[in-house]
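**Student:** What follows is a predicted protein model with its sequence.
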Amino acid sequence: MSNSNPVTCRRLAQLLRRSATLLLCFLATAALSPVLAESRAVVRGASLALDASQELYELNAKVEISLPEAARKGIEAGLTLRIVYEIELARVRGYWLDATVAQLEQVYELSYHALSQRYLVRNLNTGEQQDFGSLQAALEHVGDVRGLPVIDADLVNGDTRYEVYLRAVIDLSTTPAALEWLLFWTDDWSTTSEWFIWPLRP
């Protein structure tokens, strides 16, 4: 004679069926994520402008950053989004390889503060931090680059041809250890934009 409670057995069977259904749905979503859910970064425009009072060239740029819904939920769950702007200034040398004159990275981190329900953007180069009421507002702020110092004016020769390179690197794979399981089952949503290249005429 079995001592199993029929009610308990039925509940256990229902729980197992529900768990299996949820697991299948999750795996199906993960399998489709590379096709249906990709991050995107596009440099829409950029320029270097001379600030005569500071005697240096500053970068102004517009970068469009788009994240899939899964990545947005990941940020709300505790993941940190890192945005890196890679900037290079090269001297054009015709038949020879261009010579790099300056290289720098501007790095931001975007996270969600659950207690205040605000999105935090931290400039890792300066330590400055700002908060926003929505993720979209935070992304638009990061994508609107204004007056970023790049190179001293006295290092740029007026008789030389230069080219400026800019690209954006989006990374959501650096996470707390407790959340690594999430990225194990899903795409890491990282992406890198194409290089945006334009001439500099001192």
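**Tutor:** Done, it's in. Residues are numbered from 1 along each chain as shown.
**Student:** list the contacts for the spatially most central residue of the chain?
**Tutor:** Centrality entry for the chain: nearest residue to the mean C-alpha point is Ile170, 2.8 Å, by Cα atoms, centre = their mean. Shown in contact with Ile170 (Cβ atoms under 8 Å, 6 or more residues apart in numbering): Ser39, Ala41, Ile65, Leu81, Arg82, Ile83, Trp189, Ser190, Thr191, Thr192. Heads up, the C-betas are built off the backbone N, CA and C, glycines and all.
**Student:** and which of those is nearest Thr100?
**Tutor:** Thr192 (19.1 Å; Cβ to Cβ).
**Student:** From the chain's centroid, how far away is the strand or helix carrying Ile170?
**Tutor:** Following DSSP states H and E, one finds Ile170 within strand 162-171. The chain centre lies 13 Å from the centre of strand 162-171; the measure is Cα atoms, centre = their mean, to the nearest Å.
**Student:** isn't Gln103 right next to Glu88, touching?
**Tutor:** Yes: at 5.1 Å, Gln103 counts as touching Glu88 under the criterion of Cβ atoms under 8 Å.
**Student:** Those two: which has the busier surroundings?
**Tutor:** Glu88 (18 against 13; other Cβ atoms under 10 Å).
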